[in-house]
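# Output the structure for:
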Amino acid sequence: MILRTALLATAALALAAMPVSAQDLPDLGGRTIHAVTENAYYPLNFAGPDGNGIGLEYDVINEAARRLNATVEWDLTAWDVMIESVRTGQFDIGADGITITAEREEQIDFTEPFITVEQYFLVRADEERITGPESFAEKTDLLFGAQAGTSSFYTAIYDVLDGDEANPRVKTFDSFGAAVQAVKAGDVDAVIADQAASAGYIGADPGAFKQAGAAIKSDPFGFILTPGSDLVEPFNAALAQMKADGWLDERINYWFFEYAAE
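Below you'll find the model as predicted:
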């Protein structure tokens, strides 16, 4: 319940400063919006039981498009080329739990954040050495697993270790799921994951994992758009409306707390 309250509160704070001109959203005239994601970030985007993509980010972008009189065509791509594919206009909008950072804002446009999540250590269930960033940093035999270029990777480098992106204590993997499996196998000792992803892996594999220590940091997630995109303001207006009428809070609650219990 504490996590649920915190998530809803952070979502509210993220959008509190946005204008809420709910009655008159832009009309995109039936325009088709080309969206891209990875289907590898539970519960934001992942393959459902029938193989089709589902999750909070699918719901939010589809709902924003509906309110703006637009339709969405979804594609999949790997994380390591996602920002570039949106930057060059191959896709209009991208979603993959993307943290809004000053460095990324130099390359790409962002919407306002639609949620802010806290990041934690996810470790093996019998792990007792890791209680927080300091305990991890000082034990030089401990290793991180991370997908290169992700928030998890940069948090490990800049918020736990020494800021050297070539630090050999961070082992990179092609996907976040592969890094988690490396933790289970004992090849690395921890990954950094938000509370929803942690809960998903802990629930899916009882007795294998646990969350260790307090939150390391909080990350605001936004959608990326092609630089100069005329979709930024319409999407921000739609997000503000979805927050004001409670739709966004209801979807966050569903995907972070109710879906896994079904």
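
# show me where pLDDT drops low in the stretch 51-200 of the chain?
For the stretch 51-200 of the chain, no stretch has pLDDT under 70.

# can you map out the helices along it?
56-67, 79-87, 102-105, 133-138, 151-155, 176-185, 195-204 (DSSP state H, counting those that start in this stretch).

# residues making contact with the fifth one?
This points to helix 151-155. Contact partners of helix 151-155, identified using Cβ atoms under 8 Å, 6 or more residues apart in numbering, comprise 97-99, 119, 146-147, 170, 172, 176, 179, 191-193, 216-217, 219. Quick note: C-beta positions are derived from backbone N, CA and C, even for glycine.

# buried sites along it?
151-155 (16 or more other Cβ atoms under 10 Å).

# Dump the residues you listed into a markdown table; add distance to residue 81 as well.
Converted to a markdown table, these look like this (distance: Cβ to Cβ, whole Å):
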| residue | distance to residue 81 |
| --- | --- |
| 151 | 17 |
| 152 | 18 |
| 153 | 16 |
| 154 | 18 |
| 155 | 21 |
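
# of those residues, closest to residue 207?
residue 152 (23.0 Å; Cβ to Cβ).

# Contact partners for the most centrally placed residue in the chain?
For the chain, the residue sitting closest to the mean C-alpha position, by Cα atoms, centre = their mean, is residue 97 at 2.0 Å. Residues near residue 97 by Cβ under 8 Å, 6+ apart: 41, 44-45, 57, 117, 151, 194, 221.

# how does it look with 7 Å?
Counting by Cβ atoms under 7 Å, 6 or more residues apart in numbering, residue 97 touches 41, 44, 221.

# which of these has the most neighbours?
residue 44 (29 neighbours; other Cβ atoms under 10 Å).

# Need phi/psi at it.
With angles defined as degrees, to the nearest 10, residue 44 sits at phi -80, psi -40.

# Go ahead and confirm it touches residue 55.
Yes. With contact defined as Cβ atoms under 7 Å, residue 44 and residue 55 form a contacting pair (5.0 Å).
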